[in-house]
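Engineer: Sequence first, then the predicted structure, then my questions.
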Amino acid sequence: MASTTETQYPTLNEDLKVNVAIIGGGITGISSAYMLNKEGINTAIIEAERIFQGTTGHMTAKITSQHGPIVK
Ligand SMILES: Cc1cc2nc3c(=O)[nH]c(=O)nc-3n(C[C@H](O)[C@H](O)[C@H](O)COP(=O)(O)OP(=O)(O)OC[C@H]3O[C@@H](n4cnc5c(N)ncnc54)[C@H](O)[C@@H]3O)c2cc1C
């Protein structure tokens, strides 16, 4: 967040026709849009604030499975 340029996407001021409309540009919405786009599905992300700057932008970015400690 501190080292990347802030995104500036235009406000949606007109009707848009897409196959999939995703509400929310966090990791869930962006990942879904990425996968859908890769399959050639016309997708739009509607974000109320700024892309990736909700909870996603403030997580610690660790990857774990089930958050369970592995005891050896
Ligand atoms: C302190 C903290 C640390 C974390 N650390 C980790 C970690 O290390 N590893 C991990 O895997 N997970 C972590 N998590 C959990 C992880 O951050 C969340 O599970 C994940 O970011 C949720 O992503 P999301 O896209 O579902 O939601 P969000 O990132 O919240 O995105 C939702 C977006 O939708 C937008 N929105 C909401 N309503 C509307 C509307 N009506 N119209 C348009 N836009 C709307 C919001 O503005 C927001 O940008 C952490 C969470 C917290 C709070």
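Structural biologist: Perfect, thanks for sending it. Bear in mind that the values here come from a model prediction, so they are computed numbers and not experimental data.
Engineer: what are the phi and psi angles of residue 45?
Structural biologist: Residue 45 adopts backbone torsions of phi -110, psi 130, taken as degrees, to the nearest 10.
Engineer: which strand residues sit across from it in the sheet?
Structural biologist: Beta-bridge pairing for residue 45 (DSSP bridges): residue 22.
Engineer: pLDDT value on it, please?
Structural biologist: pLDDT, residue 45: 96.
Engineer: start at 38 instead
Structural biologist: Fine by me, first position is 38 from now on; the one you just mentioned is residue 82.
Engineer: Quick check, it in contact with residue 62.
Structural biologist: Yes - using Cβ atoms under 8 Å, residue 82 makes contact with residue 62 at a distance of 4.8 Å. Backbone N, C-alpha and C define where each C-beta goes, glycine included.
Engineer: list the residues that contact both of those two?
Structural biologist: Shared contacts of residue 82 and residue 62 (Cβ atoms under 8 Å, 6 or more residues apart in numbering): residue 88.
Engineer: Looking at those two, which is more packed in?
Structural biologist: Between residue 82 and residue 62, counting by other Cβ atoms under 10 Å, residue 62 is the more crowded of the two (22 against 18).
Engineer: got the contact list for that one?
Structural biologist: Residue 62 makes contact with 82, 83, 84, 87, 88, 89, 91, according to Cβ under 8 Å, 6+ apart.
Engineer: now, which of those sits nearest residue 57?
Structural biologist: Nearest to residue 57 out of those is residue 82 (Cβ to Cβ; 9.5 Å).
Engineer: what does this structure put close to the ligand?
Structural biologist: Within reach of the ligand by Cβ under 6 Å from any ligand atom, the chain has these residues: 60-66, 83-86, 91-93, 95-99.
Engineer: Which among these count as buried?
Structural biologist: Taking 16 or more other Cβ atoms under 10 Å as the criterion, what is buried in the residues of the chain next to the ligand is 61, 62, 63, 66, 84, 91, 93.
Engineer: What is the most widely separated pair among the residues you listed?
Structural biologist: Maximum pairwise distance among these (Cβ to Cβ): 10.9 Å, between 84 and 93.
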